[in-house]
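Enquirer: Sequence and predicted structure below; questions after.
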Amino acid sequence: MNDKELADRVRALADRAEITELVARFFGSIDDRQRDPGAHPFDAAWARALFTEDVRVRYPVGAYTGHASEVMDLTMDSFGRTQHLAGIPEIALDGDRAAVRWSAVHTHVHPASTQEARADRLGETFVSGGHYDAEAVRTPGGWRFRAVALDVAWTAGKPPLVPPERRAAMARLADA
């Protein structure tokens with residue numbers, strides 16, 4: 001192996017490691033925020049660390065361009081605690097972009113009702129499994145998602161009740 005081949009191989013390995021870390025930080029940040037919203041808000045800094053400004057997101061609740069922090073706030077405010085488990089991502093590198101796919105299981109715990117509100121008892125759960133297809137791009141700040149789409153294959157449990165005002169806010173942000 002010559003020096004250029006070695007350098008190319010090292011760069012590809014470094015890119016794959018950074019993209020894998022991007023997936024892990026994305027899921028970890030969701031669960032961190034649900035445990036402590038004040039310390040881990042879905043704000044502009046959160047969005048810049050994970051996404052391009054023009055990110056295209058498609059979740060079961062709708063499709064959006066930009067608005068990463070607002071959409072995540074509106075979506076996750078339906079839940080108390082969460083745990084997101086990501087499979088090892090498949091990464092197809094193509095220069096400064098990459099196609100990324102990973103399987104996932106999402107456990108969402110509804111906030112406990114007033115009667116149930118005890119440290120040892122959480123509310124009902126809603127669990128889903130599926131996969132993400134994403135496009136990541138190299139930016140001056142590192143790899144970021146430019147597109148993320150979630151395809152849910154199965155669900156179990158009670159889906160959240162989304163108040164009409166939250167549904168309306170999500171509809172205002174959705175792509176036409």
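Expert: Nice, thanks for sending it over.

Enquirer: what ranges do the strands span in this structure?
Expert: 51-59, 62-65, 82-86, 90-94, 97-109, 125-139, 142-157 (DSSP state E).

Enquirer: In CSV: these, plus mean pLDDT.
Expert: Shown next, in CSV, are these (pLDDT from 0 to 100):
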stretch, mean pLDDT
strand 51-59, 96
strand 62-65, 94
strand 82-86, 96
strand 90-94, 98
strand 97-109, 97
strand 125-139, 97
strand 142-157, 97
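
Enquirer: E18 is nearest to which of those strands?
Expert: strand 142-157 (5.0 Å; C-beta to C-beta). C-beta here means a position set from N, CA and C on the backbone, and glycine is covered the same way.

Enquirer: just so I know, which of the strands of the chain lies nearest V71?
Expert: It's strand 62-65; of the strands of the chain, that one is closest to V71 (C-beta to C-beta) at 5.0 Å.

Enquirer: what does the closest one rub up against?
Expert: With C-beta atoms under 8 Å, 6 or more residues apart in numbering as the test, strand 62-65 has contacts from 54-58, 71, 170-171, 173-175.

Enquirer: what residues does stretch 126-138 touch?
Expert: Counting by C-beta under 8 Å, 6+ apart, 15, 19, 22, 52, 79, 96-108, 110, 143-160 sit against stretch 126-138.

Enquirer: Return the set of buried residues in it.
Expert: Using 16 or more other C-beta atoms under 10 Å as the test for burial, stretch 126-138 gives 126, 128, 131-132, 134-136, 138.

Enquirer: Sort out which one of these lies nearest A45 for me.
Expert: Of those, the one sitting nearest to A45 (C-beta to C-beta) turns out to be A136, at 19.0 Å.

Enquirer: bridging residues for that closest one?
Expert: For A136, the beta-bridge partners under DSSP bridges are A98, F145.

Enquirer: where's it relative to P111, distance?
Expert: The spacing between A136 and P111, counted by C-beta to C-beta, to the nearest Å, is 33 Å.
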